[in-house]
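>>> with the input below, show me the fold.
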Amino acid sequence: MKTATDLLTSLTSFLLAFNMHVPAISAQIVFADYSDPDVCAGTDSDYWLTASSFQCSPGLPILHSTDLSHWTLMNYALPRLMPYEHYDTVRHGCGVWAPSIRNHDGTFYIYYGDPDFGVYMLKSTNPAVRWSDPVLVVGGKGIIDTCPLWDDDGRVYLVNAWANSRCGFNSVLTIRELSADGSRAISQPVMVYDGQPHGNHTIEGPKLYKHDGYYYILAPAGGVAAGWQLALRSRNIYGPYEEKRIYNVPGIHQGGMVDDAFICFQELQPYGRVLHRLDISWADGWPMMHERKETPAPTSTSHSALAYQWHANYQDTFGFPTVSGMRVYGYRTADCPDYRSLWNVPNLWLKKFEGQTFTDTIHTTITAKTAMQQSGFVVMGRDYLRLAFRPDTDGFVVEECRCKDADRGGTETVREIDHIPALRYEAGATPNYTCNVTFVISCASGGICTISYSTDNRHYHTLSPTFQAREGMWIGAKYGFYSITAADSRGWIDIVL
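Here you go, the predicted model:
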């Protein structure tokens, strides 16, 4: 039986595929996958945003805006996830869940919950540059969706939700006190709200604020597909809290409030969770949310190497930035004990889909030493399509590899589609074989991808049929590059950006 989420996703995909419009339920501001956003005011009449990044690295994207509607990707706060060795392998859907970002006395703080390890905190005086190493504030399983509050008396509090998948319960919110520097818990958690008796099941993503003497918790309930926005308020940090639904249109989920705006997400598979903006007006002491009258065209966040992330913690053997872009070295499949597809390959170098429709052209050079090495282009998700270039005696064999249900152990269907010449040059004990390849991805409404390649930038080979992109685990579909090898030596692909 299909769930409500499945039905909404199917309907959205149907509408997008036929170039129809999903009902405008708010102002869409960034058509790219920035799940669980949170925002804060900066120090120069500007704003900063971060979002969930799960197992991808670098993590905790940092976006900047001067008007809350147009955003630019500026940085990442988390170069590698902790514990480092744990995230050196692909941990789909784990890692950074629903972070919060706050500006306190000119220092910016990010708190995020890792459902398997606890709550981490990072800080910086300039979000666009280096952040501190993460500090484990609270250890434990199931603690997610964390947000701090610096109170008027200098005390610090942390609210969080709970993940049923890790601790066996959810739909409750707890608050505990932190040390004055926000680096450690100094009290046990206190349950301040149970959504189940009130019809507010699956309450999560809480954000903690103080306004006109009231403590407010803004949190969605009811689930991603069919939920609503809830506000809780109390004169006491630990409650009791009264409640009010402040936005009751399904499909808009958790986010953060700053000034008179609420930045949140809508799930649009295969694109992931795209950013929206609601306006806030205060009525009888409640922050009521409503649609914006102005709906600016969604912006792209970055077209540089900054837009790309690895699928797990970066390691030096993955590859290196170059003066022209990035080199990705072959991942030895023998290092992955359960390797059967790209699903568990950590050095995939991928970027988000940006826009309902888009075209991207990327120039590369592929180099290999043995027939056991292959590199190329991939559209990645629970289903994926990759183009593989592997050398033989007098050139490169080109293969089209499609994988259905990779997340469930699906295996690839491989079809040889071309053979292209290679340049051979001596490189020590064995020669190198190299070729220049330009890849083009064109995405139509609904995530329908047309993939082409050329070795001379004039004549293009277009794959047929097209490929229906599909989301990953908690993330939208991505595209980019990979290199794998069944030998000890590593081939590579050089990407020009």
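
>>> just name the shakiest helix or strand of the chain by mean pLDDT.
helix 4-17 (a mean of 40; mean pLDDT, DSSP states H and E).

>>> and the next helix or strand past it?
strand 27-30 (DSSP states H and E).

>>> run through who's touching that following strand.
Strand 27-30 is contacted from outside by 63, 68-71, 263, 266, 274-278, 291-292, 294-296, 298-301, using C-beta atoms under 8 Å, 6 or more residues apart in numbering. Bear in mind the C-beta positions are built from the backbone N, C-alpha and C, glycine included.

>>> ChimeraX command to pick out the buried ones of those residues?
To isolate in ChimeraX the members of the contacts of strand 27-30 that are buried, counting by 16 or more other C-beta atoms under 10 Å, one can use:
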select :63,68,69,71,263,266,274,275,276,277,278,291,292,298,299,300,301
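
>>> just the contacts of strand 27-30: which are in strands?
The strands, defined by DSSP state E, take in 63, 263, 266, 274-278, 291 from the contacts of strand 27-30.

>>> between these, which is closest to residue 247?
residue 278 (6.7 Å; C-beta to C-beta).

>>> OK, contacts around the closest one?
26-27, 247, 252, 261-262, 264, 289-292.

>>> what subset of those is buried?
Buried among the contacts of residue 278 by 16+ other C-beta under 10 Å: 26-27, 247, 252, 261-262, 264, 289, 291-292.

>>> which one of those residues is nearest residue 468?
So of the buried ones among the contacts of residue 278, ranked by how close each gets to residue 468 (C-beta to C-beta), first place is residue 252, at 25.6 Å.

>>> I'd assumed residue 276 was in contact with the closest one.
Yes: under the criterion of C-beta atoms under 8 Å, residue 252 makes contact with residue 276 at 6.2 Å.

>>> at which residues are the helices of this protein located?
4-17, 164-167 (DSSP state H).

>>> so for stretch 258-271, mean pLDDT?
The pLDDT scores in stretch 258-271 average 97.

>>> likewise for stretch 368-377?
Mean pLDDT, stretch 368-377: 94.

>>> mind listing what's buried along it?
Buried residues in stretch 368-377 (16+ other C-beta under 10 Å): 368-369, 372-377.

>>> ok, these vs residue 31, which is closest?
Taking C-beta to C-beta as the measure, residue 31 lies nearest residue 377 of the buried residues of stretch 368-377, at 22.1 Å.

>>> quick check, that closest one in contact with residue 389.
No: the pair formed by residue 377 and residue 389 falls short of the contact definition of C-beta under 8 Å, at 9.2 Å.

>>> quick one, longest strand in this protein?
strand 432-444.

>>> mind listing what's buried in it?
Buried residues in strand 432-444 (16+ other C-beta under 10 Å): 432-444.

>>> repeat that for stretch 30-42.
Buried residues in stretch 30-42 (16+ other C-beta under 10 Å): 30-40, 42.

>>> what's the mean pLDDT across that stretch?
98.

>>> tell me, what residue is most central in the chain?
Averaging the C-alpha coordinates of the chain gives a centre point, and the residue nearest to it by C-alpha atoms, centre = their mean is residue 53 (4.0 Å).

>>> from the chain's centroid, how far away is stretch 287-299?
Relative to the centre of its chain, stretch 287-299 is centred 23 Å away, using C-alpha atoms, centre = their mean, to the nearest Å.

>>> let's see that stretch as CSV, backbone CA atoms only.
What follows is stretch 287-299, C-alpha atoms only, in CSV (Å, rounded to 0.1, in the frame of the first residue of the first chain):
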residue,chain,number,x,y,z
PRO,A,287,3.7,34.4,14.4
MET,A,288,1.1,33.7,11.7
MET,A,289,2.6,32.5,8.3
HIS,A,290,1.2,33.3,4.9
GLU,A,291,2.2,33.3,1.3
ARG,A,292,4.3,36.0,-0.1
LYS,A,293,2.6,38.4,-2.6
GLU,A,294,5.9,38.7,-4.6
THR,A,295,7.4,35.5,-6.0
PRO,A,296,10.9,36.2,-7.4
ALA,A,297,12.3,33.7,-9.8
PRO,A,298,14.3,31.0,-8.0
THR,A,299,18.0,31.5,-8.0
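
>>> circling back: now tabulate the buried residues of strand 432-444 in TSV and tack on pLDDT.
TSV is the format used below for the buried residues of strand 432-444 (pLDDT from 0 to 100):
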residue	pLDDT
432	92
433	94
434	96
435	97
436	98
437	98
438	98
439	98
440	98
441	98
442	98
443	98
444	98
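
>>> among those, which one sits closest to residue 208?
residue 443 (38.2 Å).

>>> can you count the residues close to residue 297?
Other residues near residue 297 come to 10 when the count uses other C-beta atoms under 10 Å.

>>> can you report phi and psi for it?
Torsion angles at residue 297 (phi, psi; degrees, to the nearest 10) stand at phi -60, psi 140.

>>> all strands for the stretch 301-450 of the chain, in order.
Remark: strands assigned in the stretch 301-450 of the chain by DSSP state E, counting those that start in this stretch are 308-310, 319-321, 325-329, 331-332, 349-352, 358-368, 373-380, 384-392, 395-403, 412-420, 423-425, 432-444, 448-454.

>>> so what does the third one touch, helix or strand wise?
With contacts defined as 3 or more C-beta pairs under 8 Å, 6 or more residues apart in numbering; DSSP states H and E, strand 325-329 has these neighbours: strand 319-321, strand 478-485, strand 492-496.

>>> residue 148: which of those is closest?
strand 478-485 (30.8 Å).

>>> for the closest one, buried residues please.
Within strand 478-485, the residues scored as buried using 16+ other C-beta under 10 Å are 478-485.

>>> stretch 457-466 now?
461, 463.

>>> can you give me the end-to-end span of that stretch?
Stretch 457-466 has an end-to-end distance of 21 Å (C-alpha to C-alpha, to the nearest Å).

>>> gap between it and the chain center?
Taking mean C-alpha positions (C-alpha atoms, centre = their mean), stretch 457-466 and its chain are 29 Å apart.

>>> got any ranges where the stretch 201-350 of the chain has weak pLDDT?
295, 300, 303 (pLDDT under 70).

>>> tell me how many other residues crowd residue 492.
With other C-beta under 10 Å as criterion, residue 492 counts 21.
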